[in-house]
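Chemist: From the sequence below, what's the structure:
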Amino acid sequence: MTVMKQDAPAVGPTARRGWVRMLLMLAGPLVMVAGGLAWWFGSPGVVSTDNAYLKLDIVSVASEVPGTIVRVNVRENQMVRKGDVLFAIDPTDYEIAIAQADAQIAQAQARITALDADVDANAADLAGARDDLALAQANYRREQKLMERGFNTRARMDAATASSGSPEPVSMGTKAYRSTSATYAAATKSNHRRRPERR
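Modeler: Below you'll find the predicted structure:
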């Protein structure tokens, strides 16, 4: 009896192509899904939009005084903390203003010194006027006694009466001038403020 041997099916190029096609059909979508997930989870925090509003801690910054900015110490989007120096303003205008204020203070102090000197001079004039009055009154009393005894003329008596007048107008004017000078000096001293320290 003869036994027939059955040949194994031959694996040809068409069978191989079928497996490759099936592998590509399964692997292609898997690669695309894996790439999409990698892109999605690999770039967190990156926001891209054409027109949107974000709610972030961003504040506008302005100086308390106007001026030209000469130096900026921070970059755009840099985080800053309280007390950080962000920019420097040109101090030229403020240095000129301080120099003018110092000149005005010096002028006011010179005026106070002059007023004090005037007050002292007027006080000396007042003391001199009082001395002159005391002498004129003493002369008047002398001339009056001589007139009572008949040893004096009417002209000399009239001259003694005229020269023994009261120094009250001189005294009142000097007191008013002294009061005005003191008021001006006090006002000028109260307006004198301490020069601000430069940083």
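Chemist: which stretches of this structure form helices?
Modeler: Shown for the chain, the helices assigned by DSSP state H span residues 13-42, 92-149, 154-163, 168-191.
Chemist: I'd like those helices as JSON lines, with mean pLDDT and mean neighbour count appended.
Modeler: In this view, the C-beta of every residue, glycine as well, is placed from N, C-alpha and C. Listed next are the helices of the chain as JSON lines, based on pLDDT from 0 to 100; neighbours: other C-beta atoms under 10 Å:
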{"stretch": "helix 13-42", "mean pLDDT": "81", "mean neighbour count": "10"}
{"stretch": "helix 92-149", "mean pLDDT": "87", "mean neighbour count": "13"}
{"stretch": "helix 154-163", "mean pLDDT": "78", "mean neighbour count": "13"}
{"stretch": "helix 168-191", "mean pLDDT": "57", "mean neighbour count": "13"}
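Chemist: Could you say which one of these comes nearest to Val85?
Modeler: The minimum distance between Val85 and these falls on helix 92-149, with 16.7 Å, by C-beta to C-beta.
Chemist: Report the angle between the closest one and helix 154-163.
Modeler: Interaxial angle of helix 92-149 relative to helix 154-163 (axes from the mean of the first three to the mean of the last three C-alpha atoms, to 10 degrees): 150 degrees.
Chemist: Check which helices and strands helix 92-149 sits against.
Modeler: If contacts are counted by 3 or more C-beta pairs under 8 Å, 6 or more residues apart in numbering; DSSP states H and E, helix 92-149 sits against helix 154-163, helix 168-191.
Chemist: got a markdown table for the helices of the chain, with distance to Arg71 too?
Modeler: What follows is the helices of the chain, written out as a markdown table (distance: least, C-beta to C-beta, whole Å):
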| stretch | distance to Arg71 |
| --- | --- |
| helix 13-42 | 40 |
| helix 92-149 | 14 |
| helix 154-163 | 78 |
| helix 168-191 | 35 |
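Chemist: closest one to Val59 among those helices?
Modeler: The closest of the helices of the chain to Val59 is helix 92-149. By C-beta to C-beta, the value is 25.5 Å.
Chemist: circling back to that earlier point, could you name the stretch from the helices of the chain that's closest to Lys82?
Modeler: The nearest among the helices of the chain, by C-beta to C-beta, is helix 92-149 at 24.1 Å.
Chemist: Would you check that Ile89 makes contact with Gly67?
Modeler: Yes: counting by C-beta atoms under 8 Å, Ile89 does reach Gly67; the two are 3.8 Å apart.
Chemist: roughly how far apart are Tyr94 and Arg81?
Modeler: Tyr94 sits 26 Å away from Arg81, going by C-beta to C-beta, to the nearest Å.
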